[in-house]
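S.K.: Here is my input; please provide its structure:
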Amino acid sequence: MIRLLQPKDLDSVLQIWLDASLIAHDFIDAAFWQSQVENMRNLYIPASETYVMERYSRVVGFYSLLDNQMAALFVAPDCQGQGIGKRLMAHARTQRPVLTLAVYKNNTASCQFYLSQGFVVTHEQVDEHSGQAEYRMSSGASAPQ
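M.R.: The predicted structure follows:
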């Protein structure tokens, strides 16, 4: 079941975000991700519209929207490869017909996932927080043909 984030879900969402970030972004020092947990808790999650996927009373993934930007899409590492990301993406598209996102260039698995979901790279930039190269991607009506 996919539903809106409830206060009781916050710790689970933060743990999924941290665990998945440490694995997917092993090219960035772990201390960076650990230093961002409180910003996620107090700034980023509250500012966004967040949906969680729950299985057997456990949150196994989530995504966050900030306007038309997919600010986050994360699946618990032990649940990856089971179609959860695709289901979350399909749900996000029911909320916003056009989505943009940023993904680290070195995160090849996520880049491939987004490309497989119909996103296209619109440009490359450097993330101001980590200094890492990232792709800006878009789907829907705003994607270049």
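
S.K.: what about stretch 68-84, average pLDDT?
M.R.: When pLDDT is averaged over stretch 68-84, the result is 97.

S.K.: Show me what counts as buried in that stretch.
M.R.: 68-76, 79-80, 84 (16 or more other Cβ atoms under 10 Å). (Each C-beta comes from the backbone N, C-alpha and C, glycine too.)

S.K.: chain center to it: distance?
M.R.: Distance, stretch centre to chain centre, for stretch 68-84: 6 Å (Cα atoms, centre = their mean, to the nearest Å).

S.K.: Regarding that stretch, how distant is the last residue from the first?
M.R.: This stretch, stretch 68-84, spans 21 Å end to end (Cα to Cα, to the nearest Å).

S.K.: Contacts only, for Glu134.
M.R.: Counting by Cβ atoms under 8 Å, 6 or more residues apart in numbering, Glu134 touches 102-105, 124-127.

S.K.: what bridges to it?
M.R.: Here Glu134 sits in beta bridges with Tyr104, Gln125, going by DSSP bridges.

S.K.: Look up how far Ala24 lies from it.
M.R.: Look at Glu134 and Ala24: by Cβ to Cβ, to the nearest Å, they are 13 Å apart.
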